[in-house]
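Participant: Fold the following for me, if possible:
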Amino acid sequence: MSSAGTVMAMIVSLKNNARAKKRAFDSWKENKFIIHKKNSPLVFKKVSDKDLKIIKKDIQRKAKNDRKRVAILTAIILIPVLIISYILVKNGLNKYTEDRLLEETERLNKIDEIKNQKEETILYFLNDGYKWLDRRNFKNAKIQFYEAYKIDHNDYRINFANAKVYVLDCVENSENCNTADKLVDGLIDRFGENEEINYLEELLKESN
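Facilitator: Numbers count the residues shown, from 1 in each chain. Below is the predicted model of the structure:
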(Lines give C-alpha, C1' and ligand atoms only; values in the text may rest on other atoms or scores of the structure.)
Protein backbone atom coordinates (compact mmCIF):
# COMPACT_ATOMS: atom_id res chain seq x y z
CA MET A 1 0.00 0.00 0.00
CA SER A 2 2.81 2.33 0.81
CA SER A 3 4.45 1.84 -2.59
CA ALA A 4 1.20 2.30 -4.47
CA GLY A 5 0.53 5.55 -2.61
CA THR A 6 3.94 6.86 -3.52
CA VAL A 7 3.45 6.15 -7.23
CA MET A 8 0.06 7.86 -7.22
CA ALA A 9 1.53 10.93 -5.57
CA MET A 10 4.21 11.13 -8.30
CA ILE A 11 1.61 10.92 -11.08
CA VAL A 12 -0.51 13.66 -9.53
CA SER A 13 2.56 15.90 -9.14
CA LEU A 14 3.54 15.45 -12.80
CA LYS A 15 0.05 16.29 -13.98
CA ASN A 16 -0.04 19.45 -11.87
CA ASN A 17 3.32 20.58 -13.25
CA ALA A 18 2.21 19.95 -16.83
CA ARG A 19 -0.95 22.00 -16.36
CA ALA A 20 1.00 24.86 -14.81
CA LYS A 21 3.41 25.04 -17.77
CA LYS A 22 0.54 25.04 -20.18
CA ARG A 23 -1.18 27.86 -18.38
CA ALA A 24 1.97 29.90 -18.25
CA PHE A 25 2.60 29.44 -22.00
CA ASP A 26 -1.00 30.22 -22.85
CA SER A 27 -0.88 33.36 -20.74
CA TRP A 28 2.23 34.59 -22.62
CA LYS A 29 0.66 33.73 -25.98
CA GLU A 30 -2.47 35.66 -25.14
CA ASN A 31 -0.69 38.75 -23.74
CA LYS A 32 2.01 39.14 -26.40
CA PHE A 33 -0.44 40.67 -28.83
CA ILE A 34 -1.50 43.17 -26.22
CA ILE A 35 2.14 44.21 -25.55
CA HIS A 36 2.90 44.86 -29.25
CA LYS A 37 -0.49 46.17 -30.23
CA LYS A 38 -0.16 49.03 -32.74
CA ASN A 39 -2.99 51.07 -31.35
CA SER A 40 -1.62 51.06 -27.84
CA PRO A 41 -0.65 54.68 -26.93
CA LEU A 42 3.05 55.53 -26.28
CA VAL A 43 3.73 57.27 -23.03
CA PHE A 44 6.59 59.86 -23.06
CA LYS A 45 8.26 61.12 -19.98
CA LYS A 46 7.67 64.82 -19.50
CA VAL A 47 10.77 66.95 -18.87
CA SER A 48 10.65 70.31 -17.19
CA ASP A 49 12.22 73.41 -18.77
CA LYS A 50 14.91 73.42 -16.12
CA ASP A 51 15.86 69.81 -16.83
CA LEU A 52 15.71 70.53 -20.57
CA LYS A 53 18.21 73.37 -20.19
CA ILE A 54 20.49 71.10 -18.18
CA ILE A 55 20.27 68.44 -20.90
CA LYS A 56 21.05 71.02 -23.62
CA LYS A 57 24.05 72.32 -21.69
CA ASP A 58 25.27 68.79 -21.18
CA ILE A 59 24.97 68.06 -24.92
CA GLN A 60 26.74 71.31 -25.79
CA ARG A 61 29.51 70.58 -23.28
CA LYS A 62 30.01 67.11 -24.72
CA ALA A 63 30.05 68.53 -28.29
CA LYS A 64 32.60 71.17 -27.23
CA ASN A 65 34.78 68.53 -25.64
CA ASP A 66 34.50 66.40 -28.77
CA ARG A 67 35.62 69.35 -30.91
CA LYS A 68 38.57 69.94 -28.58
CA ARG A 69 39.58 66.29 -28.83
CA VAL A 70 39.34 66.45 -32.63
CA ALA A 71 41.43 69.64 -32.70
CA ILE A 72 44.06 68.13 -30.41
CA LEU A 73 44.25 64.93 -32.45
CA THR A 74 44.48 66.96 -35.67
CA ALA A 75 47.30 69.04 -34.20
CA ILE A 76 49.10 65.91 -32.99
CA ILE A 77 48.94 64.48 -36.51
CA LEU A 78 49.61 67.67 -38.49
CA ILE A 79 52.43 69.22 -36.43
CA PRO A 80 54.91 66.35 -37.02
CA VAL A 81 53.92 66.25 -40.69
CA LEU A 82 54.50 70.00 -41.03
CA ILE A 83 57.83 69.79 -39.23
CA ILE A 84 59.01 66.93 -41.42
CA SER A 85 57.82 68.75 -44.55
CA TYR A 86 59.62 71.92 -43.46
CA ILE A 87 62.84 70.01 -42.86
CA LEU A 88 62.61 68.28 -46.22
CA VAL A 89 61.84 71.51 -48.05
CA LYS A 90 64.59 73.38 -46.21
CA ASN A 91 67.12 70.69 -46.98
CA GLY A 92 65.96 70.70 -50.59
CA LEU A 93 66.33 74.48 -50.80
CA ASN A 94 69.72 74.34 -49.14
CA LYS A 95 70.78 71.68 -51.60
CA TYR A 96 69.41 73.75 -54.47
CA THR A 97 71.17 76.87 -53.15
CA GLU A 98 74.43 74.99 -52.75
CA ASP A 99 74.17 73.60 -56.28
CA ARG A 100 73.39 77.03 -57.70
CA LEU A 101 76.28 78.53 -55.73
CA LEU A 102 78.64 75.91 -57.08
CA GLU A 103 77.39 76.49 -60.61
CA GLU A 104 77.77 80.26 -60.26
CA THR A 105 81.25 79.85 -58.78
CA GLU A 106 82.27 77.60 -61.64
CA ARG A 107 80.83 80.07 -64.15
CA LEU A 108 82.69 82.99 -62.60
CA ASN A 109 85.88 80.97 -62.47
CA LYS A 110 85.54 80.18 -66.16
CA ILE A 111 84.91 83.85 -66.92
CA ASP A 112 87.99 84.82 -64.90
CA GLU A 113 89.97 82.14 -66.67
CA ILE A 114 88.84 83.44 -70.07
CA LYS A 115 89.60 87.01 -69.02
CA ASN A 116 93.02 85.98 -67.82
CA GLN A 117 93.69 84.15 -71.05
CA LYS A 118 92.41 87.15 -73.00
CA GLU A 119 94.60 89.55 -71.01
CA GLU A 120 97.62 87.32 -71.40
CA THR A 121 97.07 87.15 -75.15
CA ILE A 122 96.63 90.92 -75.43
CA LEU A 123 99.77 91.55 -73.42
CA TYR A 124 101.69 89.12 -75.59
CA PHE A 125 100.74 90.94 -78.82
CA LEU A 126 101.31 94.40 -77.30
CA ASN A 127 104.71 93.52 -75.88
CA ASP A 128 105.79 91.83 -79.08
CA GLY A 129 104.49 94.77 -81.13
CA TYR A 130 106.46 97.28 -79.04
CA LYS A 131 109.58 95.16 -79.49
CA TRP A 132 109.19 95.47 -83.25
CA LEU A 133 108.41 99.16 -82.87
CA ASP A 134 111.61 99.74 -80.90
CA ARG A 135 113.48 98.14 -83.80
CA ARG A 136 111.59 100.43 -86.16
CA ASN A 137 110.02 97.45 -87.90
CA PHE A 138 106.69 99.20 -88.35
CA LYS A 139 105.18 96.46 -90.50
CA ASN A 140 105.56 93.71 -87.91
CA ALA A 141 104.53 96.09 -85.13
CA LYS A 142 101.30 96.94 -87.00
CA ILE A 143 100.56 93.24 -87.48
CA GLN A 144 100.94 92.48 -83.75
CA PHE A 145 98.94 95.50 -82.64
CA TYR A 146 96.18 94.59 -85.10
CA GLU A 147 96.03 91.03 -83.65
CA ALA A 148 95.47 92.58 -80.24
CA TYR A 149 92.83 94.91 -81.71
CA LYS A 150 90.88 91.91 -83.02
CA ILE A 151 90.66 90.54 -79.47
CA ASP A 152 89.36 93.75 -77.88
CA HIS A 153 88.83 96.82 -80.04
CA ASN A 154 87.63 98.86 -77.05
CA ASP A 155 90.87 98.57 -75.08
CA TYR A 156 92.61 101.96 -74.77
CA ARG A 157 96.09 100.40 -74.70
CA ILE A 158 95.50 98.65 -78.01
CA ASN A 159 94.01 101.70 -79.72
CA PHE A 160 96.87 103.89 -78.51
CA ALA A 161 99.48 101.37 -79.73
CA ASN A 162 97.87 101.26 -83.19
CA ALA A 163 97.80 105.05 -83.40
CA LYS A 164 101.37 105.37 -82.18
CA VAL A 165 102.87 102.97 -84.73
CA TYR A 166 101.15 104.83 -87.58
CA VAL A 167 102.22 108.24 -86.24
CA LEU A 168 105.89 107.18 -85.96
CA ASP A 169 105.75 105.59 -89.42
CA CYS A 170 104.34 108.89 -90.74
CA VAL A 171 106.96 110.98 -88.94
CA GLU A 172 109.95 108.87 -89.92
CA ASN A 173 108.88 107.51 -93.30
CA SER A 174 106.03 109.81 -94.35
CA GLU A 175 103.88 106.69 -94.72
CA ASN A 176 100.15 106.39 -93.94
CA CYS A 177 99.90 109.91 -92.49
CA ASN A 178 96.17 110.19 -93.23
CA THR A 179 95.58 106.96 -91.33
CA ALA A 180 97.66 108.30 -88.45
CA ASP A 181 95.54 111.48 -88.30
CA LYS A 182 92.31 109.46 -88.25
CA LEU A 183 93.57 107.14 -85.51
CA VAL A 184 94.61 110.05 -83.29
CA ASP A 185 91.26 111.80 -83.83
CA GLY A 186 89.52 108.54 -82.98
CA LEU A 187 91.49 108.28 -79.74
CA ILE A 188 90.41 111.78 -78.72
CA ASP A 189 86.76 111.11 -79.60
CA ARG A 190 86.59 107.83 -77.71
CA PHE A 191 88.90 108.37 -74.75
CA GLY A 192 89.43 112.13 -74.50
CA GLU A 193 92.71 114.00 -74.45
CA ASN A 194 95.60 113.06 -72.20
CA GLU A 195 99.37 113.49 -72.15
CA GLU A 196 100.07 110.46 -74.36
CA ILE A 197 97.53 111.44 -77.02
CA ASN A 198 98.68 115.07 -76.99
CA TYR A 199 102.24 113.86 -77.61
CA LEU A 200 101.07 111.97 -80.74
CA GLU A 201 99.26 115.13 -81.92
CA GLU A 202 102.42 117.20 -81.55
CA LEU A 203 104.44 114.64 -83.51
CA LEU A 204 101.94 114.79 -86.37
CA LYS A 205 101.94 118.58 -86.40
CA GLU A 206 105.73 118.67 -86.54
CA SER A 207 105.78 116.18 -89.38
CA ASN A 208 103.38 118.34 -91.40
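
Participant: what's the spacing between residue 85 and residue 70?
Facilitator: Look at residue 85 and residue 70: by CB to CB, to the nearest Å, they are 22 Å apart. All C-beta spots, glycine's among them, are computed from the backbone N, C-alpha and C.

Participant: quick one: the helices in this structure?
Facilitator: Taking DSSP state H to define them, one finds helices in the chain at 2-35, 49-134, 138-151, 156-173, 177-191, 195-207.

Participant: what's the angle between the fourth one and helix 138-151?
Facilitator: Counting by axes from the mean of the first three to the mean of the last three CA atoms, to 10 degrees, helix 156-173 points 160 degrees away from the direction of helix 138-151.

Participant: For stretch 185-205, measure first residue to last.
Facilitator: Start and end residues of stretch 185-205 are separated by 13 Å (CA to CA, to the nearest Å).

Participant: Buried residues in it, which are they?
Facilitator: 187, 197, 200-201, 203-204 (16 or more other CB atoms under 10 Å).

Participant: Of all pairs in those residues, which one is the farthest apart?
Facilitator: Pairwise distances across the buried residues of stretch 185-205 peak at 13.1 Å for 187 and 203 (criterion: CB to CB).

Participant: before we move on, the earlier item: quick check, nearest of the buried residues of stretch 185-205 to residue 141?
Facilitator: residue 200 (14.8 Å).

Participant: Next one, pLDDT for that closest one please.
Facilitator: For residue 200, the model assigns a pLDDT of 93.

Participant: quick one: it from residue 113, how far?
Facilitator: The gap separating residue 200 from residue 113 is 35 Å, by CB to CB.

Participant: Residue 159 is in contact with residue 186, isn't it?
Facilitator: Yes: applying CB atoms under 8 Å as the test, residue 159 and residue 186 come out as touching, 7.2 Å apart.

Participant: burial count for residue 163?
Facilitator: Here the count is done by other CB atoms under 10 Å, and residue 163 has 25 residues near it.
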